[in-house]
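Asks: below are the sequence and a predicted model for it; my questions follow.
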Amino acid sequence: MTKDHILEFDLSPYESLDGFALLADQKYNLGDRGDWFNHFRGGLSGLKARVLGVQIHYYEAHSWALPSRHPPILMTEYHLSSILFNMDSAIECLVFALNALGYIADSTQFLDVTNEQNLKKISPRNIVEKPPPYWYGLEGYDTYFPCLKSYWKENRELIDTIAEQHDVSKHRQAIFTGGKMRDDPPPGFFEKLGIEGDKVRQLFVSPWEEIILTPQPKTPWRQRQPKDYKDIDKLENIAERFCTFINMCGVKALEDAKSNIKLNCYELKH
């Protein structure tokens, strides 16, 4: 469990990647053909904002706070679906940024950022799946981001789980199914609310220690295979793995970019 339910993201490698991209954007290096740098930085800014969203909603879902006027189950679903949206979107935004950086390195191996239809094709599938034959310009991840691509393949199950859970919460139904409540209230918390000793009412104001994700969320209810509790995905496990994933993606993307994208000059000229 994360300390105090705070996810520790380290986005400093992305700051360094932004600095590298800014250097690449200069006229004496790769230039700003197709306004690629705005696409890159926009994707990176989106990533940072989504990571913040994950942190905020994750903390609030697990923290002791005064009761909301909204039903606790609805509040939990609100936080859970928001966490999954931000996770899935962070991954999407990262791909959008990397495609832009790859495009300026070699426009033939990435999707064209000047083409509206090509922008619609930018997706995590560009990295983890073999593209259809009519999608030209997606070979670049093997050439320019090989370490990142390998790491994504290792974490394919995590990426797919986040996408599937978000897809169901966005398009189909609520995905909160239950979990385990915290039993460590701050001193005087229940007394302040006037529910000391009332175990039932205390459940309605207690935050979560563990939130269960719906198994096989896209499968009709009666067709879902039973699973042992230990094998069911928990938000906490997914969140900690996602935190590690995002942190490592920054490290690997930066290493790949510096190793494989060649510049004429590696210092900003004033």
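Replies: All right, it came through fine.
Asks: and residue 8, what pLDDT?
Replies: pLDDT for residue 8: 94.
Asks: actually residue 1, not the one I wrote
Replies: 44.
Asks: using the three-state scheme, assign residue 29.
Replies: At residue 29 the chain is in coil, as set by DSSP: H, G, I helix; E, B strand; the rest coil.
Asks: how about the nearest residue to residue 109, chain neighbours excluded?
Replies: Of all residues not flanking residue 109 in the chain, residue 140 sits nearest, at 3.3 Å (Cβ to Cβ, 6 or more residues apart in numbering). No exception for glycine: its C-beta is placed from N, CA and C like everyone else's.
Asks: I'd like the distance between that neighbour and residue 111.
Replies: Distance of residue 140 to residue 111, computed by Cβ to Cβ, to the nearest Å: 9 Å.
Asks: would you list the phi and psi of residue 177?
Replies: phi -120, psi -10 (degrees, to the nearest 10).
Asks: my guess is it contacts residue 212, does it?
Replies: Yes: Residue 177 is within contact range of residue 212, at 5.3 Å (criterion: Cβ atoms under 8 Å).
Asks: which of those two has more neighbours?
Replies: Neighbour totals were compared for residue 177 and residue 212, and residue 212 leads with 19 against 14 (other Cβ atoms under 10 Å).
Asks: next SSE after whichever helix or strand the more buried one is part of?
Replies: In the assignment (DSSP states H and E), residue 212 maps to strand 208-213. Per DSSP H and E, the first helix or strand lying C-terminal to strand 208-213 is helix 235-260.
Asks: residue closest to the middle of this protein?
Replies: Centroid check for the chain by Cα atoms, centre = their mean gives residue 87 as the closest residue, at 2.7 Å.
Asks: next up, phi/psi of that residue, please.
Replies: Main-chain dihedrals, residue 87, degrees, to the nearest 10: phi -60, psi -50.
Asks: could you check the pLDDT of it?
Replies: pLDDT for residue 87: 97.
Asks: wait, what's in contact with it?
Replies: Counting by Cβ atoms under 8 Å, 6 or more residues apart in numbering, residue 87 touches 50, 54, 162, 166, 238, 239, 242.
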